[in-house]
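The following block contains a protein sequence and its predicted model.
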Amino acid sequence: MTTSRDPFTRGLDYLYGVRSLALKPEMVDRVHDMEHRDRICTWISEHIEAVNAQLNVCLEACHACFHSWEQPLVQIFAAPLAQAFGLDALCNLQTTPISILIDVGRVMPEDWLLVVAHEYAHAHAGTPGHHPQFARSLAHLCLGLAIALPPYQAGREDSLRFYPSYLPTKDPLAFWQGGGEIGDRV
């Protein structure tokens, strides 16, 4: 997303790049966080390729659950999502390829696959929402990835909104600054 050698500039360019893939640019708000921006951008510059490589492993695991002709064209990136939207991840069906953004600061690394599977189910279903087609896609992924099947009941699509479940981190911003319980492990 950038050709700059300056760590801050590389990180800031990355943030602007993922902003362009979000449903609304303000969903990735750290470009305006003057208190933490330097540290976040520098950390992103030095670590985002490794983080995105781990997310791509999760994406490939999801792809492997379907025949090649059933696999949606998807790209995946880590992004610090704005707290105001109340999302840990999103699937933007309006981009080509479909874009999945995961706030890896909100989710422990051992649970990244769970979040990717949920968003991949949206991409596979091809429409937003937690409707029967999404439920079928998610159930297929759960079987393929050895995740417990979702507790779906017809007419109760809201039960899938937070499935598969995972424990959130205590301080999502800590990851993006290279600290906290998970930021140092990458």
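On my side now, so go ahead.

Return the residues in contact with the nearest residue to residue 22 once chain neighbours are set aside.
Nearest non-adjacent residue to residue 22, counting by CB to CB, 6 or more residues apart in numbering: residue 28, 5.4 Å away. C-beta coordinates here come from the backbone N, C-alpha and C atoms, glycine included. Each residue near residue 28 by CB atoms under 8 Å, 6 or more residues apart in numbering is listed here: 15, 18-19, 22, 79-82, 101.

Would you mind checking which of those residues is nearest to residue 161?
Of all these, residue 81 has the smallest distance to residue 161: 16.2 Å, by CB to CB.

need the longest helix for this protein.
Looking across the chain with DSSP state H, the single longest helix is helix 37-63.

any idea how far the following helix or strand past that helix is from the chain center?
Using DSSP states H and E, the next helix or strand after helix 37-63 towards the C-terminus is strand 74-78. Offset of strand 74-78 from its chain centre (CA atoms, centre = their mean, to the nearest Å): 7 Å.

Can you flag which of the contacts of residue 28 belong to helices?
Per DSSP H, the contacts of residue 28 map to helices at 15, 18-19.

just those residues now: which is nearest residue 49?
For the ones in helices among the contacts of residue 28, the residue nearest residue 49 by CB to CB is residue 18; the value is 13.6 Å.

give the contact list for that closest one.
Contacts of residue 18 by CB under 8 Å, 6+ apart are 28, 77, 79, 101.

Quick check: chain neighbours aside, which residue is closest to it?
Distances taken as CB to CB, 6+ apart place residue 79 nearest to residue 18, at 4.1 Å, with adjacent residues excluded.
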